[in-house]
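Colleague: following is a predicted model, sequence given first.
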Amino acid sequence: MICEFCGGNTEKHMVTKTHWLHSKLYFLEDVESEVCRECGERYFQAKVLDKIDTLLQSEHKVERHLQVEVIRV
Ligand SMILES: [Zn+2]
């Protein structure tokens, strides 16, 4: 597809996506995305986002937990 921001071409990549749901942050690995070769903008299909919501709201396996530092600059 063509990037909406810069007009560049996109290509399919598996990416790590951050996702907030009910005040919890999730890191989702191996999410199918179209990534702009020029500016790096990422596009996700609606069906992929629906699948993520369904997955997070049902029983799901947690690969690991991360510790995150929040810093005010
Ligand atoms: Zn772009």
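Modeller: Perfect, I can see it now.

Colleague: and residue 28, what does it touch?
Modeller: Residue 28 is in contact with 16, 17, 18, 19, 52, counting by C-beta atoms under 8 Å, 6 or more residues apart in numbering. Heads up, the C-betas are built off the backbone N, CA and C, glycines and all.

Colleague: if you could redo that for residue 39, that was the one I meant.
Modeller: 3, 5, 6, 8.

Colleague: can you pull the residues of this protein lying near the ion?
Modeller: Within the chain, the positions near the ion by C-beta under 5 Å from the ion are 3, 5, 6, 8, 36, 38, 39, 41.

Colleague: surely the fifth one and residue 9 touch.
Modeller: To tie it back to what came earlier, the one meant is residue 36. Yes: look at residue 36 against residue 9 with C-beta atoms under 8 Å: they come within range, at 7.5 Å.

Colleague: buried members of the contacts of residue 28 into ChimeraX, please.
Modeller: Filtering those down to the buried ones (16 or more other C-beta atoms under 10 Å) takes a single ChimeraX command:
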select :17,52
